[in-house]
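Q: Everything below, folded, please.
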Amino acid sequence: MTNTHTLLAGSRRPAPPNCKRLGNVPSGARVNATITLKGPDLPTPRADERPLSREEIAKKFGVPKATVQKVIRVLESYKLKVVEVTQGGRTLKVRGTADAIDEAFKAKLGIYKVRGKGPIRAREGVLKIPNPLNRIVTGVFGLDQRRMAKRHAHAAGRPSARDPLTPQKLEQQYNFPAGDGAGQTIVIAEFGEDHGNGRRAPTWIPSDVTSFCETHGVPAPRIRLKRVGFSPHVYTRRQYKSYLQHTSRNLRKRLTGPTGETTMDAQIVAALCPKADIRIYFATLDEGGFVNLLDAVTSGSGPIPVVVSMSYGAAEDSSGWSRGAKTAINERLQIAALMGITVCVSSGDDGSGCYQSGRRCHVEFPSSSPYALSVGGTMLSHRGHVEEAWRGRSRQGAITGGGVSRFPRAPWQGVKIRSLNPGARFGRVVPDVSALAGRPYYCVLFDGKTDHNGGTSAATPLWASLIARINAALPPSKRQRFLPPLLYKPGVGAVGFRDIVLGHNASRLHPGYKAKHGFDAVSGWGVPDGCRLLGALAVV
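A: Here you go, the predicted structure:
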């Protein structure tokens, strides 16, 4: 019998953890998938090059039309419909029945019951692709709905002895340049889950952002929502309370947590950049969701954002990530960098452990991508006069992430830090920068009530807001530039930051890195002095 399919490299996935396979996906069930194609090799972003437009990206690094048409013909022969082509042909969105997907990719899709949650569609093992697509198709994503990343927000617990920082105090703490973000487009990346029975998280409560801005004396911004495969419920406070009624305590926590954290992201950006064009993109919390969201940012219509805030991640060497997904996400971050977009990603909230077993040190992805700005966390101690690496009192989590990645070190990152893991490569060091994550936390408003929260999740939108404010104040020739290469230029990192020299990020089972004078794998360059950073970036 003729072998019609070829193994798809990088597609192997284990069974979802803590779950049981209940059976096959019904044959006629509709399935959406994202297929990535091999395009020209992408160059390393350079600080002295102008950003590329979407049209230039598609022309220079897109897939030839004849190749795209060949892929479409093969997929149609399996009764799959291509509904969208983006990234100049590097990405195809496909729709079909579960039977057609299984026939095309030998996926063996199943329904899995995850412990403590509802059923999901997932797979295990490898995928195969039709022989004519060999060396053309590089990934197939979205077939597996397992949760791929943690949200990096840390519920502060009991009220702090000191008042949490308001937007005005955050501006003072980090010496923000004057401005309101006018003329800047900021994207906030959010990822959601369907919990079944009409329950989805996060939901969106716009009145909380409006009330928060009114409380702190800033105009309420216009916030646009973009649905990238996930549609959040948009509720009034009364509707939200009704939504939570007759819900178990466990599920209520899974619904309110993500909603509060999404609200926190929006409030930080809205209060610091009230005149910015703020857009919240909602995607599914699986591998395909990350690929789809970054595709939407770089290929969509409308203005190109100057910055993206993404407060999600998982250990880069966890079994959950497939190798193909990390490659696809990293390439899309690279495209964003070539367009002058800085994607800020939280470094994680479990120190060097990243919720992994064993004693090796870990870092989180996508924060560990060389094409992301990795954001770590700090806290204020000694009555607020000293800022040091964030280390909370929780037995698990509440520690800023950082360390050395398996990704190669970018040419601009000329630092000498080595991994604590024996035999590890001389890889990318995270984080690049830091900001407040712990005590005294951030002042927020949720469900009409004043509260406080933090985590590297909060530090990330703060950095996104600062980048937007700086970008607006720079000369036109210095705007819309991918930030990391600039931070490592002489006179920028040492000038535009306050050094963090206290603390470490060892977790309960994992050795960690120590903060020290200069750049380190706990706080990066440290926390920003916004006006001095603006001055340094204006001359490089």
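Q: how about the helices in the stretch 251-400 of the chain?
A: Ranges of helices in the stretch 251-400 of the chain, per DSSP state H, counting those that start in this stretch, are 287-299, 323-338.
Q: Where does the residue lying closest to L486 once chain neighbours are set aside sit: helix, strand or coil?
A: Of all residues not flanking L486 in the chain, A47 sits nearest, at 5.2 Å (C-beta to C-beta, 6 or more residues apart in numbering). Any C-beta I mention is one placed from the backbone N, CA and C, and that applies to glycine too. Secondary structure assignment for A47 (DSSP: H, G, I helix; E, B strand; the rest coil): coil.
Q: What is the burial count for A47?
A: By other C-beta atoms under 10 Å, 16 other residues sit near A47.
Q: Can you pull the phi/psi pair for it?
A: In terms of degrees, to the nearest 10, the main-chain angles of A47 are phi -70, psi -20.
Q: how far does stretch 417-436 sit from the chain's center?
A: In this view, stretch 417-436 has its centroid 19 Å away from the chain centroid, taken as C-alpha atoms, centre = their mean, to the nearest Å.
Q: Buried residues of it, list them for me.
A: 417, 419-421, 427-436 (16 or more other C-beta atoms under 10 Å).
Q: Could you do stretch 513-531 as well?
A: Judged by neighbour count using 16+ other C-beta under 10 Å, the buried positions of stretch 513-531 are 513, 515-516, 519-531.
Q: Please apply the same query to stretch 221-237.
A: Neighbour-count burial for stretch 221-237 flags P221, I223, V228, G229, F230, P232, H233, Y235 (criterion: 16+ other C-beta under 10 Å).
Q: can you give me the end-to-end distance of that stretch?
A: Start-to-end span of stretch 221-237 (C-alpha to C-alpha, to the nearest Å) is 19 Å.
Q: what do you get for stretch 478-494?
A: First-to-last distance for stretch 478-494 - C-alpha to C-alpha - comes to 20 Å.
Q: ok so, going back, out of the helices of the stretch 251-400 of the chain, which is the most enclosed?
A: Mean neighbours per residue, mean count of other C-beta atoms under 10 Å, is largest over the helices of the stretch 251-400 of the chain for helix 287-299, with a mean of 26.
Q: and that one with helix 323-338, angle?
A: Between helix 287-299 and helix 323-338, the angle comes out at 20 degrees (axes from the mean of the first three to the mean of the last three C-alpha atoms, to 10 degrees).
Q: now helix 287-299: how far from the chain's centre is it?
A: Relative to its chain's centre, helix 287-299 lies at 10 Å (C-alpha atoms, centre = their mean).
Q: Same check on stretch 118-126?
A: Worked out by C-alpha atoms, centre = their mean, stretch 118-126 lies 23 Å from the chain centre.
Q: Return the set of buried residues in it.
A: Within stretch 118-126, the residues that count as buried by 16+ other C-beta under 10 Å are P119, I120, R121, A122, R123, V126.
Q: what's near enough to touch the residue lying closest to R481 once chain neighbours are set aside?
A: The shortest distance from R481 to any residue other than its chain neighbours is 5.3 Å, reached at G340 (C-beta to C-beta, 6+ apart). By C-beta atoms under 8 Å, 6 or more residues apart in numbering, the residues touching G340 are R50, P51, L52, I304, V306, Q480, R481, F482.
Q: Relative to N3, which of those is nearest.
A: Distance to N3, by C-beta to C-beta, is smallest for L52 among those, at 40.9 Å.
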